[in-house]
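**Student:** Sequence first, then the predicted structure:
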Amino acid sequence: MNKMDLKKLTIPEINNGLKNKEFSASELARTYLDKVKSDDDKIHAYLTVTEDLAMAQAKAVDDKIAAGEETGILAGVPIAIKDNILIEDIKCTAGSKILANYIAPYDATVIKKLQQTGSVLLGKTNLDEFAMGGSTENSAYGATHNPRDLERVPGGSSGGSAAAVAADMCVGALGSDTGGSIRQPASFCGVVGLKPTYGAVSRYGVMAMASSLDQIGPMAKNVADCRALFDCIKGKDRYDATSAEILQATNHKPQIANLKIGIPKEYFSEGIDSDVEKTIKNTISKLAAEGAKITEINLPHTPDALACYYVIVPSEVSSNLARYDGIKYGARATDIKNLLDVYLNSRGQYLGKEVRRRIMLGTYALSAGYYDAYYLKAQKVRAKIKEDFDEAFRQVDLILGPVTPTTAFKIGEKADDPVQMYLSDVYTVPINLAGLPALSMPCGLASGLPVGLQIIGPHFSEDLIFEFGRHIEEII
Amino acid sequence: MDINHIAKLARIGLSELELKKLEQELAAILGFVNELNKVDDGDIEPMTQATGLKNIMRADEAAKSSAAGRAKLLANAPEKLNGYIKVKAVFE
């Protein structure tokens, strides 16, 4: 295979390259596996490389092509998977010591769907333990480094997936997003990532963190590739009762350039880095010059979203992670005398700091006498946050703003201050609380580091968001 | 907050030192989330589902499982005996 420019290689180019026999799927898989072997030492995006699986999947695609059979849109496309999504017979750690030897007994629905279209799974990517964190520093297997600046974090929790895409160690990747875990690392690493509408993608086979918020979503180098991945994984699934079919917009399709765009005042308040603000506003001005109708809007409950999120998430975490008990699966402590010891010691020894912190907080918030003050109150505030968006979408088609207040921070900078770490999610958590879809896409640099633009739409408006994202790619 | 009680409810065994540190960290986070009390929520219904789905039903049928599937599930259990997961005595 000729030396190809992996930096620019897109899904349509892979489709054409395979069709025109410029390269085979096996050659492509080998090229990416070699790239991982040579470059991942310094980035640490992957926890497991599934070389045998990838080569077998690539060969199946080559056999199909040789037999003159039709192949799917993702045939031969090398994909990385966040290590909290199950691939049958492959180790799945969730970045935790408690699952150091856990072998997935079945495929997640998204994995089944990817395999049906012929994609090639290169491996499992690093994450903050059980997807709890915003820097990938909480992984029990060591931090991932940002390919744009190795001293900085790639963001998190899907930091391994974002770094693998940014370092051309895969063409696309899957992540999961509970409060920004796809969009924030996409922003920090300069790639595109979608947090789909709650229910747009089946969660069967992703490890549950906060079930009223969790979504699986795609990450890629550009908007079109991200969309191709989303189109493959979306849809109702009988194994996830919260999943739903996306109804296609039937009536009017708005002229992209004439859309009404809302800019929330609260997303540019104190705390935002001035270079990030400048880069975002510059993009908005270009859109205005192209004819978009820009209006300032209010999302008055934005400042309450983080507090709301940090009640709901730990509460749901404390319940969901009760399953890691040292009995059904996962590590069990050895120094035990009775059943209670099995629980106390296994969980005490093998769950990491942030995970323990959230389980404790959630246990407290849900304990007798505190439910109304914390969880119930948070669910009411959550309804107010959703009302803000409902009101906004009566006036505008889409909402634009930053993904994060700053660009990627240095490794270690916020590791000891949970509240500081939580603050970097200020523009992403409201979207999960309201169940909305949002795209993070690169729109420029601030002091040499990527800045992510966030495009937020009404429920199930992914098609419109992607079309608008493509338009922005053309004008910036 | 009775940190020992919470740790026991959460089934997490921690050292005295870890409990002390957690107590401080939880107090800081609770101070932060107590801001919620300032929000006037009127008489709004608490939100339970984002996209308006409710009562999603399915047929109450047992799923078929295979011996190979059972073997994969059991292989992950730390301790087993004759095809069962082994547990410490519940009553002593």
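**Tutor:** It's in. Residues are numbered from 1 along each chain as shown, chains lettered A, B, ... in the order given.

**Student:** which residues of chain A score low on pLDDT?
**Tutor:** Applying pLDDT under 70 to chain A flags residues A:1-3, A:248-254.

**Student:** and B:Asp43, how many neighbours does it have?
**Tutor:** For B:Asp43, the neighbour count with other CB atoms under 10 Å in any protein chain shown is 5. Using the backbone N, CA and C atoms, a C-beta is placed for each residue, glycine as well.

**Student:** What pLDDT is listed against it?
**Tutor:** We note a pLDDT of 88 for B:Asp43 in this prediction.

**Student:** Which neighbouring elements make contact with the helix or strand harbouring A:Lys124?
**Tutor:** Assigned by DSSP states H and E, A:Lys124 belongs to strand A:120-125. Identification of packing neighbours for strand A:120-125 by 3 or more CB pairs under 8 Å, 6 or more residues apart in numbering or on different chains; DSSP states H and E yields helix A:25-43, strand A:46-49, helix A:51-66, strand A:78-82, helix A:109-116, helix A:159-166.

**Student:** got the phi/psi numbers for the closest residue to chain B within chain A?
**Tutor:** In chain A, the residue that lies nearest chain B is A:Gly435 (2.4 Å; CB to the nearest CB). Main-chain dihedrals, A:Gly435, degrees, to the nearest 10: phi 70, psi 20.

**Student:** Leaving out sequence neighbours, find the closest residue to it.
**Tutor:** B:Ala50 (2.4 Å; CB to CB, 6 or more residues apart in numbering or on different chains).

**Student:** how close does the residue nearest in space to the middle of chain A sit to A:Gly160?
**Tutor:** By CA atoms, centre = their mean, chain A has its centre lying nearest to A:Ile182, at 2.3 Å. To A:Gly160, A:Ile182 is 12 Å away according to CB to CB, to the nearest Å.

**Student:** Equivalent analysis for A:Asp463, please.
**Tutor:** 28 Å.

**Student:** ok, the two, which is more surrounded?
**Tutor:** The residue with more neighbours, out of A:Asp463 and A:Gly160, is A:Gly160; 35 against 17, by other CB under 10 Å.

**Student:** Now for that one: which residues touch it?
**Tutor:** By CB atoms under 8 Å, 6 or more residues apart in numbering or on different chains, the residues touching A:Gly160 are A:44-47, A:80, A:82-83, A:125-127, A:136, A:144, A:154.

**Student:** do A:Phe466 as well
**Tutor:** A:194, A:223-224, A:226-227, A:230, A:439.

**Student:** And the strand or helix carrying it, what's buried?
**Tutor:** Element membership of A:Phe466 [criterion: DSSP H and E] is helix A:462-475. The neighbour-count check on helix A:462-475 (16 or more other CB atoms under 10 Å in any protein chain shown) flags A:462-466, A:468-469, A:471-472 as buried.

**Student:** From the residues you listed, pick the one nearest A:Ile14.
**Tutor:** A:Ile14 lies nearest to A:Phe466 out of these, by CB to CB, at 19.1 Å.

**Student:** can you give me the strands in chain B?
**Tutor:** For chain B, the strands defined by DSSP state E occupy B:80-81, B:84-85.

**Student:** Do I have it right that the residue nearest to the centre of chain A meets A:Ala173?
**Tutor:** No - in this structure, A:Ile182 is not within contact of A:Ala173 by CB atoms under 8 Å, at 9.4 Å.

**Student:** A:Met219 reaches A:Arg183, doesn't it?
**Tutor:** No - contact between A:Met219 and A:Arg183 fails when scored by CB under 8 Å: they sit 9.4 Å apart.

**Student:** Which neighbours do these two have in common?
**Tutor:** In contact with both A:Met219 and A:Arg183: A:Gly193, using CB under 8 Å, 6+ apart.

**Student:** Residues of the stretch 1-150 of chain A that sit close to chain B?
**Tutor:** A:88-89, A:102-103, A:105-106 (CB under 8 Å from any CB of the partner chain).

**Student:** again, only this time at 10 Å
**Tutor:** Applying CB under 10 Å from any CB of the partner chain, we find that the stretch 1-150 of chain A lies next to chain B at A:88-89, A:99, A:101-106.

**Student:** Check those residues and tell me the two furthest apart.
**Tutor:** The widest separation within the residues of the stretch 1-150 of chain A next to chain B (CB to CB) is 17.1 Å, between A:Asn101 and A:Tyr106.

**Student:** More neighbours: the two, which one.
**Tutor:** A:Tyr106 (17 against 14).

**Student:** Quick check: that one vs A:Lys64, distance?
**Tutor:** For A:Tyr106 relative to A:Lys64 (CB to CB), the value is 25 Å.

**Student:** which residues sit in contact with residue 53?
**Tutor:** Since you didn't name a chain, this refers to chain A. A:29, A:87-90, A:115, A:120-123 (CB atoms under 10 Å, 6 or more residues apart in numbering or on different chains).

**Student:** let's do chain B instead
**Tutor:** Per CB under 10 Å, 6+ apart, neighbours of B:Leu53: A:198-199, A:241-244.

**Student:** Spatially nearest residue to A:Lys384, not counting backbone neighbours?
**Tutor:** Here the residue nearest A:Lys384, using CB to CB, 6+ apart, is A:His301, at 4.9 Å.

**Student:** Same question for A:Arg356.
**Tutor:** Looking at A:Arg356 with CB to CB, 6+ apart, the closest residue is B:Ile12, at 5.7 Å.

**Student:** Looks like the one you found contacts A:Leu351 (just checking).
**Tutor:** Yes - B:Ile12 is within contact range of A:Leu351, at 7.0 Å (criterion: CB atoms under 10 Å).

**Student:** so what's in contact with the two at the same time?
**Tutor:** With CB under 10 Å, 6+ apart as the test, B:Ile12 and A:Leu351 both reach A:321, A:359.

**Student:** counting contacts, what elements does the strand or helix carrying A:Glu13 pack onto?
**Tutor:** If you go by DSSP H and E, A:Glu13 is part of helix A:11-19. Counting contacts by 3 or more CB pairs under 10 Å, 6 or more residues apart in numbering or on different chains; DSSP states H and E, helix A:11-19 packs against helix A:25-43, helix A:51-66, helix A:223-233.

**Student:** list the helices and strands the first one packs on?
**Tutor:** Counting contacts by 3+ CB pairs under 10 Å, 6+ apart, helix A:25-43 packs against helix A:11-19, strand A:46-49, helix A:51-66, strand A:78-82, strand A:120-125, helix A:159-166.

**Student:** could you dump those to JSON lines with distance to A:Ser367?
**Tutor:** Output for the helices and strands packed on helix A:25-43, formatted as JSON lines (distance: least, CB to CB, whole Å):
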{"stretch": "helix A:11-19", "distance to A:Ser367": "49"}
{"stretch": "strand A:46-49", "distance to A:Ser367": "35"}
{"stretch": "helix A:51-66", "distance to A:Ser367": "44"}
{"stretch": "strand A:78-82", "distance to A:Ser367": "32"}
{"stretch": "strand A:120-125", "distance to A:Ser367": "35"}
{"stretch": "helix A:159-166", "distance to A:Ser367": "33"}
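
**Student:** and these, which is most packed in?
**Tutor:** helix A:159-166 (a mean of 35; mean count of other CB atoms under 10 Å in any protein chain shown).

**Student:** how big is the angle separating it from helix A:223-233?
**Tutor:** Orientation check (axes from the mean of the first three to the mean of the last three CA atoms, to 10 degrees): helix A:159-166 against helix A:223-233 gives 130 degrees.

**Student:** After helix A:159-166, which helix or strand is next?
**Tutor:** strand A:172-177.

**Student:** now the next helix or strand after that next one, how far from the centre of its chain.
**Tutor:** Using DSSP H and E, the next helix or strand after strand A:172-177 towards the C-terminus is helix A:183-189. When distances are taken as CA atoms, centre = their mean, to the nearest Å, helix A:183-189 is centred 9 Å away from the chain's centroid.

**Student:** what about dumping the CA coordinates of the very next helix or strand once past helix A:183-189 to CSV?
**Tutor:** The helix or strand immediately downstream of helix A:183-189 is strand A:192-195, counting by DSSP H and E. Output of strand A:192-195 as CSV, limited to C-alpha atoms (Å, rounded to 0.1, in the frame of the first residue of the first chain):
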residue,chain,number,x,y,z
VAL,A,192,-15.7,16.4,16.1
GLY,A,193,-18.0,14.6,18.7
LEU,A,194,-21.7,14.2,19.0
LYS,A,195,-23.7,13.7,22.2
